[in-house]
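1. take a look and give me a structure for this.
(one chain, ligands or ions: 1)
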Amino acid sequence: MSEVIIVDDEAEASKIVSDLLVKSIIKNPELVLGLATGSTPLGVYKLVAESIKEKHVDVSGVRGFALDEYVGLSKMHQESYHFVINSNVTEPIGLTPENVHVPDGDESTIEQAGAEYEKLIKASGGVDIQILGIGTDGHIGFNEPGSSLSSRTRIKTLTEQTRLDNARFFNDVDEVPRHCITQGIGTILEAKHLVLMAFKSTKSKAVADALEGPISAFCPASALQLHPHTTVFIDHAAAALLKNTDYYKWVYKNKPDWQGW
Ligand code: GLP
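-> Presented below is the predicted three-dimensional model:
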């Protein structure tokens, strides 16, 4: 079972998660971070960047792996995840660009791109802390409903819902690519610690299905129930459809200091 923390707002969760990341980097300067895109983790990345500067932490050895990328968008396109990760993570935090990887969505090499990305993750020793958001349909990375729970990095077709959800980043929904390359659910589950964040009522159904529903390919995030070390941060709106909230609150209230994250 995931550890479920119900926070008052996004800022509270971002602070806890950014502290966790900075402490982990200080403890292990070669930490391997799993990076999610989307708006949910942006507050975390901003706070990590501030804290790293303030504390003069050496991040030159930290490695990063993004979850996913659109197929067919140039790496220079402002909505490509190469661009997004570079401008929200690599540059502000001061990571070494060669240490930060994003799946390659170039159509000409797409057939090998998944297997190559898997090799890179493996060669790094595996992801230590994986930051995750969740799509309104329960996707993690870009693993849409129906994705195999043991899938590896590969090409997927985005649902119309995901394209509509992500249209806000583009001028028009027609500009949102139809295909993506994403770490598989099996890949994500190999990270040592999964940290999922979800805020606002638009995520409440996906959160309830993921945490309290059956483990099913129809809610890809429900695969997190199989992982031995998952921490979930949600606000009250995202928690609205959960049944076991009293217990989650009780557990958090009684969390011993020595337990850590
Ligand atoms: C995209 C990303 C996911 C992300 C999801 C939620 O589809 N591929 O990794 O979790 O959006 O986005 P947001 O955080 O903006 O709600």
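2. how near is the residue nearest the centre of the chain to the ligand?
-> Geometric centre of the chain, nearest residue: residue 132, 2.2 Å, by C-alpha atoms, centre = their mean. Residue 132 is 6 Å from the ligand, where distance means C-beta to the nearest ligand atom, to the nearest Å. Where you see a C-beta, it was placed from the backbone N, CA and C, and this is true even at glycine.
3. repeat that for residue 106.
-> For residue 106, the distance to the ligand - C-beta to the nearest ligand atom - is 18 Å.
4. list the contacts for that residue?
-> By C-beta atoms under 8 Å, 6 or more residues apart in numbering, residue 106 lies in contact with residue 113.
5. same check on residue 238?
-> Taking C-beta under 8 Å, 6+ apart, one finds 198, 199, 200, 201, 203, 204, 207 in contact with residue 238.
6. before we move on, back to that, tell me how far the residue nearest to the centre of the chain lies from residue 33.
-> 12 Å (C-beta to C-beta, to the nearest Å).
7. low-scoring pLDDT stretches of the stretch 1-150 of the chain, where are they?
-> Within the stretch 1-150 of the chain, the ranges that satisfy pLDDT under 70 run 1.
8. neighbours of whatever residue of the stretch 51-200 of the chain ends up closest to the ligand, how many?
-> For the stretch 51-200 of the chain, the residue positioned closest to the ligand under C-beta to the nearest ligand atom is residue 133, at a distance of 2.6 Å. Burial of residue 133 is recorded as 21 neighbouring residues (other C-beta atoms under 10 Å).
9. if I pick it, what's in contact with it?
-> Neighbouring residues of residue 133 by C-beta under 8 Å, 6+ apart: 36, 37, 38, 39, 40, 41, 140, 196, 197, 198.
10. between the residues you listed, which is closest to residue 179?
-> residue 37 (15.9 Å; C-beta to C-beta).
11. return the backbone torsion pair for the closest one.
-> Per-residue torsions, residue 37: phi -100, psi -160 (degrees, to the nearest 10).
12. from the ligand, how far off is it?
-> Residue 37 sits 5 Å away from the ligand, going by C-beta to the nearest ligand atom.
13. show me what the helix or strand where residue 246 lies is packed against.
-> Using DSSP states H and E, residue 246 falls within helix 245-253. Counting contacts by 3 or more C-beta pairs under 8 Å, 6 or more residues apart in numbering; DSSP states H and E, helix 245-253 packs against strand 3-7.
14. now do the buried residues in the strand it packs on.
-> For strand 3-7, a neighbour-count test (16 or more other C-beta atoms under 10 Å) marks 3, 4, 5, 6, 7 as buried.
15. partner strands of it, parallel or antiparallel?
-> Using DSSP bridges, strand 3-7 pairs in its sheet with strand 230-235 (parallel).
16. the closest residue to residue 167 other than its chain neighbours: what's it in contact with?
-> Nearest residue to residue 167, sequence neighbours excluded (C-beta to C-beta, 6 or more residues apart in numbering): residue 173, at 3.9 Å. Residues near residue 173 by C-beta under 8 Å, 6+ apart: 163, 164, 167.
17. what's the neighbour count on the second one?
-> When counting by other C-beta under 10 Å, one arrives at 13 neighbours for residue 164.
18. then the last one?
-> Counted with other C-beta under 10 Å, residues neighbouring residue 167 total 14.
19. hang on, it packs against residue 177?
-> No: Residue 167 is not in contact with residue 177 according to C-beta atoms under 8 Å; the separation is 11.3 Å.
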